[in-house]
Structures are given as structure tokens and as C-alpha cells.
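Q: Model the following, please.
(one chain, ligands or ions: 1)
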Amino acid sequence: MSALSGKVQTVLGPIEPDQLGITMTHEHLTMTFECCYFSPAPGDETVSQAPIQMKNLFWLKQNPYSSHENLLLLQETNAVREELHEYRKAGGGTIVENTTQGIARDLPCLKQLAKDTGVHIIGGAGYYVDATHSEATRKMTVEKLTDIIISEVLHGADGTEIRCGVIGEIGCSWPITDSEKKVLQATAHAQTELGCPVIIHPGRNPGAPAEIVRLLQEAGGDISKTVMSHLDRTIFDNGELLEFAKMGSYLEYDLFGTEMLNYAYNLEVDMPSDSQRVKALAFLVQEGYEDNIVIAHDIHTKNRLTKYGGHGYSHILKNIVPKMLRRGEKGMLVVYVKVSTFEIGFVRRIRMVLVRDRSKFTRGIRF
Ligand SMILES: CC(=O)NCCS(=O)(=O)O
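A: You can find the predicted model right below:
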């Protein structure tokens with residue numbers, strides 16, 4: 001059995017799961033999202049190139065991917081450090097930092113942030129979407145990719161001795177590419193060897209999560225230790241969601257704080273509001289998937305930092321949890337009057353998901 005078995009590996013070394021505290025399972029503290037720049041609509045070229053300023057903030061919220069400056073989260077380490085202090089004050093303990101190869105992973109920066117703030121930070125091994133794969137990566141065999149991922153967890157990544165604690169986020173496009181399929185196979189093989197958790201970024205199609213889980217299963221991956229990210233922009237039909245939930249992965253709603261009219265990468269998608277996300281979680285809880293839910297903000301652009309008028313890393317703790325609790329209390333009164341078991345289930349479980357059962361935040365990220 002591995003020495004890491006049952007532990008959580010942070011950028012400062014292994015810790016026991018009960019040291020984690022409340023954990024956001026999908027964030028970025030430093031990265032570039034330039035790979036996903038989206039050309040502005042005709043007429044928006046000037047605002048798209050202007051520096052970030054107060055009068056542009058609404059435009060930026062609606063068009064976050066059409067400003068080069070906005071995609072450079074790696075320029076904001078001081079602002080992120082301040083936010084992490086706030087996150088601790090708000091009750092946060094740990095952040096799983098999902099930046100992988102291709103989007104400027106910076107483990108020394110994560111290590112410094114962990115030291116400066118006391119927040120436990122867990123780094124991510126592996127590769128982001130095909131658009132960021134180098135020619136060398138594309139040519140690698142599954143065996144070579146597996147060795148690299150294992151080494152990033154056991155020995156350190158990017159020429160450092162800083163070790164990753166999860167594999168992911170592993171990027172997949174829609175349709176999934178050959179290079180991404182190889183990375184998925186390597187991910188499953190590395191997971192088999194290490195026993196560690198996996199976090200997946202699915203392509204933007206409702207069929208993508210199930211296809212990825214099937215590919216991982218065929219390669220021997222452990223789906224019960226796999227997180228499917230970004231479900232809030234991927235599966236909208238409750239029937240399809242339940243079909244996917246039955247496959248047994250963690251179900252991650254990780255775009256809390258993102259509210260926009262047009263989702264540039266797929267105009268068919270109506271990005272949900274936070275209230276709709278809470279309802280989706282309540283639905284999953286009611287259907288018995290409480291233990292599979294994990295949540296986060298997936299901050300990956302500047303405009304989502306409080307420095308730029310955004311919601312920051314503490315939004316879930318400061319705003320979403322209180323809303324859930326208020327709804328819970330109200331629900332309880334309704335239950336008391338109506339004596340509805342359906343409501344009782346909803347109220348009790350939603351409280352557990354977010355407040356009482358903290359072990360749920362840890363199960364998904366330990367070896
Ligand atoms: C960093 C990252 O991949 N975030 C997800 C953005 S998306 O628009 O939900 O795909």
C-alpha cells in the first residue's frame with residue numbers, strides 16, 4: 001500500500017484529511033486562459049482591448065473571454081493572496097488548484113501562497129485541452145504520458161520537487177481528440193498505480209461526461225474517485241443528469257458566481273444563475289446523490305476577483321451557503337405545516353451537504 005494512502009498531498013506535503021476543513025474542489029490561483037480567447041463581437045473591438053476599468057466591468061462579465069488582459073490571472077498573485085486571507089476568515093481551509101500543463105501551472109507560486117496564507121493548496125497533475133498540447137505531447141505514447149503524470153505526483157512537476165495531489169483538471173474538447181483520449185487513458189493508468197483522485201474538464205456537450213467516464217472505465221480508472229467538473233454548463237436535462245449520476249462519479253457544480261447571458265463557447269447553452277445551481281443541487285440531493293456533490297467557483301479570469309468587482313473565492317461561503325441555509329429554514333417551516341417527507345429530505349440533506357458533513361469535501365481529494 002502506498003505511503004500516501006488515506007492522506008491528502010498538498011504543495012507543502014501530505015496532511016490528514018481531517019486537517020483540510022472546508023474545501024473548494026475546483027479553483028485556479030494562477031494561470032493563463034489565452035488558449036481560449038474568443039474574438040469580440042463586431043463593434044466591441046475597442047472595449048475588448050481597453051484596460052480593465054470600472055466602466056467596462058459589466059461588458060467583461062458578459063464577455064470574459066474576449067479581453068486578453070482578463071485571461072491573465074497569473075498577473076494577480078497579490079490580489080489572490082489577499083483573497084486567500086479572506087477565504088480563511090470566511091471559514092475556508094483548502095483549495096484544490098486545477099491548473100495543469102498547458103495553462104501555465106506555477107507550483108512554486110502555489111507553494112508560496114500556501115505558506116503566506118495558511119490555506120492548504122493541492123496541485124493538479126496532467127494536461128489541459130488539446131489546443132494546449134505541444135507537438136511533443138501529441139506524439140507521446142500512453143505509457144510515456146502515464147509515467148509523466150505519476151512522476152508529477154510522486155516526485156514533483158515542472159522541474160521542481162513540488163508534488164501534485166490530484167490528477168486534473170484533465171481537459172477534453174467536444175468532440176474529444178485523439179491526443180485527449182491518450183491523456184485520459186494515461187490518467188486512468190496513473191490513477192490505478194497511485195490510487196489518487198481524478199478531476200475532468202468535459203467538452204461542452206451533454207454527451208461528453210458519459211463518454212469520458214466510459215473511456216476512463218475501459219482504461220481501468222476508478223470512477224468513484226473521479227470528479228466530473230462544470231456540470232452546470234454541460235448537462236441541463238434532469239433525466240440526462242440522473243443517467244449520468246448513476247455512473248458513479250463526483251458531480252461538480254463549480255461555476256458558482258458565473259452569470260452571463262451568452263456563453264461564448266456554446267451559444268446553445270443558457271448559463272444558469274446561482275439560484276438555478278442551488279436548485280440543481282437540491283434536485284440531486286433529493287434523488288439520493290448528496291454524497292457525490294462537490295462545489296466551487298472555478299475562478300480562471302481576472303474579472304471574478306474582488307479586486308475587479310467580482311465575487312472572489314469566498315462567494316460560496318459568504319453568500320451561497322447562507323442562502324441554502326435560509327431556504328433550508330424556510331423549507332423546514334413549510335415541512336412543519338405540510339408534513340411533506342419530500343421537503344424534509346431536501347432540507348436536512350442540503351444542510352448536511354454544505355455545513356455538517358465536511359468529510360464530503362475531503363473524500364474526493366484523498367488518496
Ligand atoms: C479553466 C477552465 O477550464 N474553466 C472552465 C471554463 S468553461 O467555460 O466552463 O469551459
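Q: hang on, Tyr65 packs against Asn303?
A: No: Tyr65 is beyond contact range of Asn303, at 10.3 Å (criterion: CB atoms under 8 Å). To be clear about C-beta, it is placed using only N, CA and C from the backbone, and glycine gets the same treatment.
Q: per-residue confidence for the closest residue to Asp237 other than its chain neighbours?
A: In space, and not counting its chain neighbours, Asp237 is closest to Pro206: 7.0 Å by CB to CB, 6 or more residues apart in numbering. Looking at Pro206, its pLDDT is 97.
Q: residues near Pro206, how many?
A: Around Pro206 there are 19 other residues, counting by other CB atoms under 10 Å.
Q: do Gly13 as well
A: Neighbour count for Gly13, taken as other CB under 10 Å: 12.
Q: Could I get the phi/psi values of it?
A: Per-residue torsions, Gly13: phi 120, psi 180 (degrees, to the nearest 10).
Q: Contacts only, for the residue of the stretch 251-367 of the chain found nearest the ligand.
A: Residue nearest to the ligand within the stretch 251-367 of the chain: His300 (3.9 Å; CB to the nearest ligand atom). Counting by CB atoms under 8 Å, 6 or more residues apart in numbering, His300 touches His28, Met31, Phe33, Leu73.
Q: Could you list the low-pLDDT ranges of the stretch 201-350 of the chain?
A: Applying pLDDT under 70 to the stretch 201-350 of the chain flags residues 328-350.
Q: Near Leu325, how many residues? Count them for me, please.
A: Here the count is done by other CB under 10 Å, and Leu325 has 15 residues near it.
Q: That one: which element?
A: Using DSSP states H and E, Leu325 sits in helix 321-338.
Q: what residues does the stretch 1-150 of the chain put near the ligand?
A: His28 (CB under 6 Å from any ligand atom).
Q: Now do the buried residues in stretch 11-24.
A: Residues of stretch 11-24 classed as buried: Val11, Pro14, Ile15, Pro17, Leu20, Ile22, Thr23, Met24 (neighbour count, 16 or more other CB atoms under 10 Å).
Q: What of stretch 162-176?
A: 162-174, 176.
Q: got it, and stretch 76-84?
A: Neighbour count says stretch 76-84 has Glu76, Thr77, Ala79, Val80, Arg81, Glu82, Glu83, Leu84 buried, by 16+ other CB under 10 Å.
Q: among those residues, which are in helices?
A: Members of the buried residues of stretch 76-84 lying in helices (criterion: DSSP state H): Thr77, Ala79, Val80, Arg81, Glu82, Glu83, Leu84.
Q: Could you look up the SS state of the residue nearest to Asp237?
A: The local conformation at Pro206, judged by DSSP: H, G, I helix; E, B strand; the rest coil, is coil.
Q: what separates it from the ligand, distance-wise?
A: 14 Å (CB to the nearest ligand atom, to the nearest Å).
Q: and Trp59, that one's in a strand?
A: No: assigned with three-state DSSP, Trp59 falls outside any strand and is helix.
Q: Surely it touches Gln49?
A: No: with contacts counted by CB under 8 Å, Trp59 stays clear of Gln49, the gap being 12.0 Å.
Q: Which one of these two is surrounded by more residues?
A: Trp59 (17 against 12).
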